[in-house]
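*Asks:* Sequence and predicted model, in that order:
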Amino acid sequence: MSSMTIILGIALIVGFYMAWNIGANDVANAMGTSVGSKAITLKQAVIIAAIFEFLGAVLAGSNVTNTVRKGIVSPDVFTDPKIFVIGMLAALLAAGLWLNLATHFGLPVSTTHSIVGSVVGFGIVSKGIGAVHWSKIGNIVLSWVVSPLMGGIIALIVFKIIERTILEKDKPVERAKKIAPLFVGMTGFILTLSLVFKGLKNLHLDLSFGEASLIGTGVAIVIYIISFVLLRNVHSKGDEYKSVEGIFRYLQIITACYVAFAHGANDVANAIGPLAGIVAVVKTGSIATTAAVPMWVLALGGVGIVVGVATMGYKVIGTIGEKITELTPTRGFSAEFGAATTVLVASRMGLPISTTHTLIGAVIGVALGRGVAALNMAIVKDIVASWLITIPFAAGLTMVLFEIFKLIF
């Protein structure tokens, strides 16, 4: 058996391990606020995430992926096929180990930034510091500030609108029946655009902004009408505020399903990109900076994500949903809405932002609506520290693993 065949076998196991860690850490983006606000139970979150993440990964997951993570490292670094394969294997394992460690401590970190850090490590150890495009890394560092800030501001504005137009009025339930469908429609519009631009492009539906907006508007109108009809029969059962939160509970569940599908579509290829690169090199014997992702590799990633959610997802879900601040369905919905809007705007502007960072910012923004005292500053400091460590830790670990794999293979 050739060494390349052995490496491929190991790469399949490591690729599954990476997808497992994405399920364990990243899926909390979709489910953390819904569980924290008691909109759904942890068991329900696992089931919803498993179904929609898998569907997103397999139906709309990228069929072509940038194995070298979007020009982070000069392509001329990758000249020797065997060195490339060993480097990608080291990058995949390093990113997986970092995510595993972060999940163990319940810290939500960025999958994309973990892979970026790993590829940076491979570039440095292969060809030196000059091989890395540091301006790209600068953009990522900038996103650590921009994305949480944008997410937080939008989430806070949305919650304040809900507060002023519904919660502070004389008959909040009657107000919610009229205004909540508008929020549902807006959410449908934003998430449809997100899906069209970030997910469905993988299905070769190359739509213009105008066409996508038209589809988004259609979805928004349909969802608005359905929710308006459903909410017509909702009546206050004593506690008006509890009834309003009950209405937003359903909005949160819809949002969570949508976000899980979009996450599966977007992030599974980030995870298995290096694996797809290894498979392509073993098959063809040559290196390409982009690689086709076979359906079975997407399915492997989808199954890995599902297993990760089911076995370890509760740790990061607990952090986002309960440890940062106390969430209610109205606050949870505001945070999800803020995060989804930020991700859409940023992806249209070509900014490299992390969904994780954006959602954490949105949760913090909603909490600040009640003052700094509503925030658990100790956990916020731990989360920010883990973000700062992600790229250097993944890079350093990749260097070590690369040298070990070179000795072995």
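*Replies:* Here it is on my side, so go on.

*Asks:* so V259 touches G32, yeah?
*Replies:* No. V259 is beyond contact range of G32, at 10.4 Å (criterion: C-beta atoms under 8 Å). For every residue, glycine as well, the C-beta is placed using N, CA and C.

*Asks:* Could you pull up the residues touching M4?
*Replies:* For M4, the contacting residues are 82, 85, 281-282, by C-beta atoms under 8 Å, 6 or more residues apart in numbering.

*Asks:* Need the residues you listed in JSON lines (columns: pLDDT).
*Replies:* JSON lines is the format used below for the contacts of M4 (pLDDT from 0 to 100):
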{"residue": "K82", "pLDDT": "84"}
{"residue": "V85", "pLDDT": "87"}
{"residue": "V281", "pLDDT": "83"}
{"residue": "V282", "pLDDT": "81"}
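
*Asks:* Which residue ranges of this structure form helices?
*Replies:* Ranges of helices within the chain are 3-25, 28-36, 42-60, 81-104, 111-127, 134-162, 172-194, 209-231, 240-284, 295-318, 329-349, 355-368, 377-408, based on DSSP state H.

*Asks:* Nearest to V73, out of those helices?
*Replies:* V73 lies closest to helix 111-127 among the helices of the chain, at 3.5 Å (C-beta to C-beta).

*Asks:* My guess is A180 contacts E245. True?
*Replies:* No. Contact between A180 and E245 fails when scored by C-beta under 8 Å: they sit 11.2 Å apart.

*Asks:* which one of the contacts of M4 is nearest M18?
*Replies:* V85 (15.6 Å).

*Asks:* gap between that closest one and A395?
*Replies:* 19 Å (C-beta to C-beta, to the nearest Å).

*Asks:* Not including adjacent chain positions, what is the nearest residue to the residue nearest the centre of the chain?
*Replies:* In the chain, the residue lying closest to the centroid (C-alpha atoms, centre = their mean) is T355, at 4.5 Å. Nearest residue to T355 in three dimensions, chain neighbours excluded: N29, at 4.9 Å (C-beta to C-beta, 6 or more residues apart in numbering).

*Asks:* cool, M150 as well?
*Replies:* T342 (4.4 Å).

*Asks:* List the contacts of that neighbour.
*Replies:* Counted by C-beta under 8 Å, 6+ apart, T342 has contacts 147, 150-151, 154, 353, 358, 361-362.

*Asks:* Of the residues you listed - the most surrounded one?
*Replies:* A362 (33 neighbours; other C-beta atoms under 10 Å).

*Asks:* Compare A180 and E245 and say which one has the larger neighbour count.
*Replies:* Comparing A180 with E245 by neighbour count (other C-beta under 10 Å), the higher total belongs to A180, at 26 against 23.

*Asks:* before we move on, the earlier item: just the helices of the chain: most buried one?
*Replies:* helix 28-36 (a mean of 30; mean count of other C-beta atoms under 10 Å).

*Asks:* and the angle from that helix to helix 295-318?
*Replies:* Interaxial angle, helix 28-36 versus helix 295-318 (axes from the mean of the first three to the mean of the last three C-alpha atoms, to 10 degrees): 40 degrees.

*Asks:* Can you name every helix or strand that helix 28-36 contacts?
*Replies:* helix 42-60, helix 240-284, helix 295-318, helix 329-349, helix 355-368 (3 or more C-beta pairs under 8 Å, 6 or more residues apart in numbering; DSSP states H and E).

*Asks:* hey, least reliable of these by pLDDT?
*Replies:* Within the helices and strands packed on helix 28-36, the stretch with the lowest mean pLDDT is helix 240-284, showing a mean of 80.

*Asks:* what about that helix, distance to the chain center?
*Replies:* Computed by C-alpha atoms, centre = their mean, to the nearest Å, the chain-centroid distance of helix 240-284 equals 6 Å.

*Asks:* and if you look at stretch 355-369?
*Replies:* 14 Å.

*Asks:* show me what contacts L327?
*Replies:* With C-beta under 8 Å, 6+ apart, L327 has these contacts: 33, 36-37, 321, 335, 363, 366.

*Asks:* How far does stretch 184-200 sit from its chain's centre?
*Replies:* Centroid displacement of stretch 184-200 relative to its chain, using C-alpha atoms, centre = their mean, is 15 Å.

*Asks:* before we move on, back to that, kindly reformat the helices of the chain as CSV and extend each row with distance to V73.
*Replies:* Listed next are the helices of the chain as CSV, based on distance: least, C-beta to C-beta, whole Å:
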stretch, distance to V73
helix 3-25, 19
helix 28-36, 27
helix 42-60, 26
helix 81-104, 10
helix 111-127, 3
helix 134-162, 9
helix 172-194, 28
helix 209-231, 32
helix 240-284, 12
helix 295-318, 22
helix 329-349, 22
helix 355-368, 22
helix 377-408, 11
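
*Asks:* on that earlier part again, can I get the contacts of M4 in CSV including distance to E163?
*Replies:* Formatted as CSV, the contacts of M4 follow (distance: C-beta to C-beta, whole Å):
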residue, distance to E163
K82, 60
V85, 55
V281, 55
V282, 57
